[in-house]
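Asker: Based on what follows, work out the 3D shape:
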Amino acid sequence: MTLPARQNESGDIAPSEPAAGDVGTSFATAKQVAELIRDVIRQQKLAVRIQGRDYVRCEGWTALGALMGLMPREVEVRRTETPQGYEAVVEVVRVADGRVLSRASAICARDEPQWRDRPEYAVRSMAVTRATSKAFRLVYSWVMALAGYEPTPAEEMVDVVTVQPAANSKDDSDMGKRRGKKPTPQKQLADEIVRVVEKAYPEVKGDKKKLQELCRGLAKIYCGTPDVRTLSDARAKEVLENVRDLSPDAVRLHLEVPF
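Answerer: Numbers count the residues shown, from 1 in each chain. Take a look at the predicted model:
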């Protein structure tokens, strides 16, 4: 179910509309693919919930592409000065014959609060990740919508809030115990994020800034926002169960930080 490509004014390449006789066949195939990718995304936890809606991460979009015999190809990554960061261009190609079906560009810049102090490689990597998700979205956003997910990739949802990791979690917990109050689900989640990050990166325990950066990153991946205080009690409890099961290797893999 691949379509001829066309180029729009921005330079991105998107598929053309199918011929009238192909619509029924294409839609039936899309429904089957949507059901399959829905199961994959749920089982592998490749979506995040943001303000009550589910947005698929880049891994989910590339999984959809793989089901359709497509793969991403990095074309170009260049440094930008205004704003300071990186712009990446990624193509989606058909494995069978190398035909380009989609192309998109995306930027990750340091004027975004969550990327202001991140390492160069991380900013560059996120530009590529966003371009990859966007390139697949141009082809298959409608299939992702059929699967019950938002057609906008999670990486395109820019955070407008900041995180406050529980750097003083021990003091706060002790105070709660003295008052006879049980920590809120959000507080428990924040504490657990700190715990698994410190276990994965014991060398950052004395580096408050680095610890906060890693905690924000992990919170964004699992919560869709770096501020766990914005979560409902039910959502915080759900994420808490997932975070508790994370091994140090899994944490490092999610955060894409060198061992």
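
Asker: got the residue ranges for the strands in this protein?
Answerer: Here the chain has its strands, by DSSP state E, at 5-7, 13-15, 47-50, 53-56, 70-81, 84-94, 100-109.

Asker: Throw those into TSV and include mean neighbour count, thanks.
Answerer: C-beta: built from backbone N, CA, C; applies to glycine. Below are the strands of the chain laid out as TSV (neighbours: other C-beta atoms under 10 Å):
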stretch	mean neighbour count
strand 5-7	13
strand 13-15	18
strand 47-50	20
strand 53-56	20
strand 70-81	14
strand 84-94	21
strand 100-109	21
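
Asker: Quick one, which of these gets closest to residue 134.
Answerer: Closest of the strands of the chain to residue 134 is strand 100-109, at 3.9 Å (criterion: C-beta to C-beta).

Asker: Show me the residue sitting in the middle of this structure in space.
Answerer: The centre of the chain sits closest to residue 57, judged by C-alpha atoms, centre = their mean, with a distance of 3.7 Å.

Asker: so what's it closest to, chain neighbours aside?
Answerer: Using C-beta to C-beta, 6 or more residues apart in numbering and skipping residues adjacent in sequence, the residue nearest residue 57 is residue 154, 4.7 Å away.

Asker: Please tell me I have it right and the one you found contacts residue 61.
Answerer: No. Using C-beta atoms under 8 Å, residue 154 is not in contact with residue 61, being 9.2 Å away.

Asker: Between those two, tell me which one has more neighbours.
Answerer: For residue 154 and residue 61, the more surrounded residue by other C-beta atoms under 10 Å is residue 61, and the numbers stand at 30 against 26.

Asker: Next, the contact list for the closest residue to the more buried one other than its chain neighbours, please.
Answerer: Closest residue to residue 61 apart from its sequence neighbours, by C-beta to C-beta, 6+ apart: residue 136 at 4.0 Å. Going by C-beta atoms under 8 Å, 6 or more residues apart in numbering, residue 136 touches 61-62, 64-65, 70, 72, 92, 102, 153.

Asker: Check the spacing between residue 136 and residue 74 real quick.
Answerer: 14 Å (C-beta to C-beta, to the nearest Å).

Asker: quick check: mean pLDDT across the helix of greatest length in the chain?
Answerer: The longest helix of the chain (DSSP state H) is helix 120-146. Averaged over helix 120-146, pLDDT sits at 92.

Asker: Could you give me the buried positions within that helix?
Answerer: Using 16 or more other C-beta atoms under 10 Å as the test for burial, helix 120-146 gives 122-141, 143-144, 146.

Asker: got the angle between that helix and strand 100-109?
Answerer: Compare the direction of helix 120-146 with that of strand 100-109 by axes from the mean of the first three to the mean of the last three C-alpha atoms, to 10 degrees and you get 130 degrees.

Asker: roughly how far is helix 120-146 from the heart of the chain?
Answerer: Helix 120-146 has its C-alpha centroid displaced from the chain centroid by 9 Å (C-alpha atoms, centre = their mean, to the nearest Å).

Asker: quick one: low-confidence parts of the stretch 151-259 of the chain?
Answerer: Where the stretch 151-259 of the chain drops to pLDDT under 70, the residues are 158-181, 256-259.

Asker: what are the ranges of the helices in it?
Answerer: For the stretch 151-259 of the chain, the helices defined by DSSP state H, counting those that start in this stretch cover 169-179, 185-200, 208-223, 233-244, 248-255.

Asker: looking at these, which is closest to residue 53?
Answerer: Comparison of these against residue 53 by C-beta to C-beta identifies helix 233-244 as nearest, at 12.4 Å.
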